[in-house]
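Colleague: Got a predicted structure here, sequence first:
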Amino acid sequence: QVQLVESGGGLVQAGGSLRLSCAVSGRTFSTYTMGWFRQAPGKEREFVAAIAWSGGITYYADSVKGRFTISRDNAKNTVYLQMNSLKPEDTAVYYCNAKLLATIQAATNPLSGSWGQGTQVTVSS
């Protein structure tokens with residue numbers, strides 16, 4: 001079992017940038033496929049981005065492709081989400097997710113894995 005703690009959310013104007021971090025406890029971080037999801041008020045939680053436990057393969061939702069970048073630092077047990085060119089529709093609570101030895105496809109499933117508490121991102125127009 002792992003514990004996840006997100007940070008880096010905040011209020012930013014449209015067109016701005018934020019970098020989210022997710023610190024993961026445990027000694028087996030490198031065996032977890034990591035993902036970011038988000039949930040806006042009144043909407044279901046949706047997949048944003050994922051990075052595989054092996055080889056650094058990444059996958060993005062179409063809505064963020066070209067604007068967001070997911071990365072991981074296995075030495076620091078941390079996964080990042082660099083968000084550029086932010087839009088008001090990116091406003092949501094962002095959650096970090098960890099799935100043990102998962103494929104990149106499985107990483108998009110919002111119904112499995114371990115979760116952090118979330119961090120609020122608000123983009124003003």
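Modeller: Good, I have the coordinates.

Colleague: isn't residue 87 right up against residue 124?
Modeller: No. The criterion here is C-beta atoms under 8 Å, and residue 87 misses it with residue 124 at 10.6 Å. Placement of C-beta: from N, CA and C, glycine included.

Colleague: Give me the more crowded residue out of the two.
Modeller: Per other C-beta atoms under 10 Å, whichever of residue 87 and residue 124 has more neighbours is residue 87, with 14 against 11.

Colleague: How confident was the prediction at that one?
Modeller: pLDDT for residue 87: 98.

Colleague: Give the intersection of the neighbour lists for residue 87 and residue 124.
Modeller: residue 14 (C-beta atoms under 8 Å, 6 or more residues apart in numbering).

Colleague: For residue 9, which residues are in contact?
Modeller: 18, 20, 94, 119-121.

Colleague: try residue 43
Modeller: Residue 43 neighbours (C-beta under 8 Å, 6+ apart): residue 92.
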